[in-house]
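Participant: pasting the structure only:
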């Protein structure tokens, strides 16, 4: 069964460093998403991506964040200068075409900023 | 505006007894509604979805949910809880099919 994969499973970084979180969505999907979940809190939408551009983004997704689909298979989230409050679980999701298709989620990357 | 309210942050049931996890939503459009489950240190797995077909939706692992438009609810039920059902459950609403709004989650504990 096809699945969304994410690497690494856990990333530890120093405050101010850049991190890149990687995702491989399901191959024939068209919509891609990033969410984050701070420990003990709800899952928060960050950004959606369609047709090689951002389609929607939340207030959380400020200039420190960027997304890219560099090679037609990977979908990356970059945080340019990490802050302590960026520590969270980051989930990637993908969705096929059609109005009501569900999202398929990856297992997540736990980011710890020290 | 779209939003989801999960009325209980934590539910505890005995093994073999029914499970009820409550979800209310608000949406400006005809919504799609989903329940996802998250086991510890795992990703989110789809349990079931409502997309304007039958109002009673059956999902995996014996779960089902009923869409009640008059009550703006989409409660998740299971007749008999199993130990493996212990997890975090998220109700999600989508209106235009692209953006998804999560509830705050309900943690289900199953007592042996």
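Facilitator: Arrived safely. From a predicted model like this one, the values you see are computed outputs, not experimental measurements.
Participant: okay, CA-based contacts and neighbour counts for the rest of this
Facilitator: OK.
Participant: OK, contacts around the residue in chain A positioned nearest to chain B?
Facilitator: Using C-alpha to the nearest C-alpha, the closest approach of chain A to chain B is made by residue A:107 at 3.8 Å. Shown in contact with residue A:107 (C-alpha atoms under 8 Å, 6 or more residues apart in numbering or on different chains): A:4, A:5, A:6, A:9, A:91, B:41, B:42, B:43, B:44.
Participant: Who wins on neighbours among these?
Facilitator: Within the contacts of residue A:107, most neighbours by other C-alpha atoms under 10 Å in any protein chain shown means residue A:91, with 27 neighbours.
Participant: Check which helix or strand the residue nearest the centre of chain A maps to.
Facilitator: With distances taken as C-alpha atoms, centre = their mean, residue A:34 lies nearest the centre of chain A, 3.1 Å away. Using DSSP states H and E, residue A:34 sits in strand A:31-37.
Participant: Sheet-wise, list the partners of that strand with their directions.
Facilitator: Sheet pairing for strand A:31-37, assigned by DSSP bridges, gives strand A:43-50 (antiparallel), strand A:88-95 (antiparallel).
Participant: For residue B:24, see how far away the residue of chain A closest to chain B is.
Facilitator: Taking C-alpha to C-alpha, to the nearest Å as the measure, residue A:107 falls 27 Å from residue B:24.
Participant: Residue A:85 now?
Facilitator: With distances taken as C-alpha to C-alpha, residue A:85 is found 30 Å from residue B:24.
Participant: Which of the two has more residues huddled nearby?
Facilitator: Each of residue A:85 and residue B:24 has its neighbours counted (other C-alpha under 10 Å); residue B:24 has more, 21 against 11.
Participant: before we move on, the earlier item: ranking the strands paired with strand A:31-37 by burial, who's on top?
Facilitator: The highest mean neighbour count among those, using mean count of other C-alpha atoms under 10 Å in any protein chain shown, belongs to strand A:88-95: a mean of 25.
Participant: What is the burial count for residue 101?
Facilitator: By default, I'm working from chain A. Using other C-alpha under 10 Å, residue A:101 has 15 neighbouring residues.
Participant: right idea, wrong chain: chain B
Facilitator: The burial count for residue B:101: 20, using other C-alpha under 10 Å.
Participant: That one contacts residue B:95, correct?
Facilitator: No. With contact defined as C-alpha atoms under 8 Å, residue B:101 does not count as touching residue B:95 (9.0 Å).
Participant: Of all the contacts of residue A:107, the one with the weakest confidence?
Facilitator: Lowest pLDDT of these: residue B:41, 74.
Participant: Can you report how many residues lie near the residue lying closest to residue A:7 once chain neighbours are set aside?
Facilitator: Closest residue in space to residue A:7, ignoring its immediate chain neighbours: residue A:22 at 5.3 Å, by C-alpha to C-alpha, 6 or more residues apart in numbering or on different chains. Per other C-alpha under 10 Å, the neighbour tally for residue A:22 reads 22.
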